[in-house]
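> Sharing a model prediction with you, sequence too.
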Amino acid sequence: MSDTRTTDGAGAAEHELRRSLGFRDLVVYGLLFIAPMAPVGVFGTLDAKSHGAVALVYVVATVAMAFTAFSYAQMVRVVPQAGSVFAYARAGLGREAGFVAGWMVMLDYLLIPAVAYLFSGIAMNSLVPDVSRWVWTALAVVITTFLNLWGVRTAARVGFLVLALEIVVLLVFVVSAVVMLARDGAHRDWLSPLAGDGTQGAFALSAVIGGVSVAVLSFLGFDAIASFAEEVTGGSEKVARAVLFCLALAGVLFVAQTYLVALLEPLSSAQLAADPGKQGSAFYDAVDASVGSWLHNLVAVSKAIGAAFAALAGQAAAGRLLYAMARDRRLPRALARTDSGVPRTALLVAAVITLVAAVWAARRDDGLDKLVSVVDIGALTAFTLLHASVVGWFAVRRRNGPPVWWRHVVLPVLGAAITVAVIVEASGTAQVVGAIWLAVGLTVLFAQHGRAGRDADVDAGNGAG
């Protein structure tokens, strides 16, 4: 399974990835894509939705996403190939299911970087308003694409520096928040981030679950680590450990920062729920009121740079997905070519598509809302097929001997139930876009079957002649 060469003989090297990544590099890519301070933009929404139990929301969301991380770890050990969920569903459920999984996750791998680039453009425009945000957005795409084309190892090194900056800013926030809380006390009860602030009635589990359906979006990106399975040194076990480690670390960071900022928040969850306009800036407003605008500006700069490099990791994963699907002849064969071990053609195609989407959104007042409303549906659908592939590989096909039922059936079934529940809770726009994208993919799959059938008939006729 680990063989990355094609069957084209002398041309095999043109379709081969170069192994150069270690465990640290994988963690860097995962955390860059997730972003250590991902809750900043959604804190207010989650606080209002969960009745103040925002830290508990992230505890539950971490546990919920752990099922998906566990399924990734199971499959990457037995199918250590580029393409991530595309390769896993193909192995566990068949070629057609693999195509559908790859097609659906492609939607997110192309749009999530567009959202991140747009975040970067918006943040830079707020700091340098004389330059339009679409210009900043396009510049971020160009710079990070250049790094990706240079090579996965170079991009990981630069990404490590950016990630270190984001971690430092997060630590500055944590220390500043602790100092302010020790000096001035908390605006809310110390247990309220875990039990609710009581301003919207008694604790409601349904409110927490409603928040979880939004919070899981903060974790999207840890799965991209699996896309580099053919470029890691030392075997796929490193990839499995990196996936689980990234999810656990992200969960700790998310819970810690939302717990602290909830204590600093001067408004109650009821006040935020009554005024949705204040939800988007609630994190920054709490920092401004308790610590000062200097930390607000520091977080904004960190978010501007971090978002661009989150997009870098997403673009790299998208390129590997296109490469893997092309190598399997599910996309144009030219996308499967590599240059010095780098899938530059696939990366350029992913970059162009992302650039068009990001700049289009940057030039519209409602562009961010349009993109954000649909970025999750593809990944959640693919995650559902991922869980099914674990059952298919271990329990149905029994490729690795008798299955361990709790690991190969119970946990993935629970994971699939969670992702389906989140899909049901997704916005109507996301569901419509996901259905349309799926319909297009099924049409492509049907056309490929028709072409394959015609080719087989031609081959049979030539043989008979």
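Perfect, thanks for sending it. Numbers count the residues shown, from 1 in each chain.

> what about the residue positioned nearest the centre of the chain, distance to residue 309?
Note on the chain: the residue nearest the mean C-alpha position is residue 221, at 2.2 Å, using C-alpha atoms, centre = their mean. According to C-beta to C-beta, to the nearest Å, residue 221 stands 12 Å off from residue 309. All C-beta atoms are positioned from the backbone trio N, CA, C, and that covers glycine.

> again with residue 40
From residue 40 over to residue 309 the distance is 16 Å, taken as C-beta to C-beta.

> neighbour count winner among these two?
Counted by other C-beta atoms under 10 Å, residue 40 and residue 309 do not tie: residue 309 has more neighbours, with 29 against 26.

> if I pick the more buried one, what's in contact with it?
32, 144, 158-159, 162-163 (C-beta atoms under 8 Å, 6 or more residues apart in numbering).

> Now render the residues you listed as TSV, adding neighbour count and pLDDT.
Listed next are these as TSV, based on neighbours: other C-beta atoms under 10 Å; pLDDT from 0 to 100:
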residue	neighbour count	pLDDT
32	30	82
144	28	87
158	16	80
159	24	78
162	18	84
163	23	86
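
> In those residues, find the pair that's most separated.
144 and 163 (13.8 Å; C-beta to C-beta).

> Neighbours of residue 255, how many?
By the criterion of other C-beta under 10 Å, residue 255 has 21 neighbours.

> Wait, it touches residue 60, no?
No. Judged on C-beta atoms under 8 Å, residue 255 makes no contact with residue 60 at a distance of 10.2 Å.

> neighbours of the closest residue to residue 42 other than its chain neighbours, just the number please.
Leaving out its chain neighbours, the residue that sits closest to residue 42 by C-beta to C-beta, 6 or more residues apart in numbering is residue 214, at 6.2 Å. Residues near residue 214, counting by other C-beta under 10 Å, number 19.

> in which helix or strand would I find residue 214?
Assigned by DSSP states H and E, residue 214 falls within helix 205-215.

> Any idea how far that helix is from the middle of the chain?
Remark: helix 205-215 is offset 19 Å from the chain centroid, using C-alpha atoms, centre = their mean, to the nearest Å.

> can you check stretch 323-336 too?
Remark: stretch 323-336 is offset 22 Å from the chain centroid, using C-alpha atoms, centre = their mean.

> start to end distance for that stretch?
For stretch 323-336, the first-to-last residue distance is 5 Å (C-alpha to C-alpha, to the nearest Å).

> Only the buried residues of that stretch, if you could.
Of all the residues in stretch 323-336, those buried under the rule 16 or more other C-beta atoms under 10 Å are 323-328, 330-331, 335-336.

> Residue 118: which element?
Per DSSP H and E: helix 95-127 holds residue 118.

> Looks like residue 381 contacts residue 423 (just checking).
Yes. The criterion here is C-beta under 8 Å, and residue 381 meets it with residue 423 at 6.8 Å.

> Need the residues touching each of these two.
With C-beta under 8 Å, 6+ apart, residue 381 and residue 423 have common neighbours residue 434.

> returning to that earlier point: okay, the residue nearest to residue 42: pLDDT?
Per-residue pLDDT puts residue 214 at 78.

> That one and residue 45 touch, don't they?
Yes. At 6.4 Å, residue 214 and residue 45 qualify as touching, with contact defined as C-beta under 8 Å.
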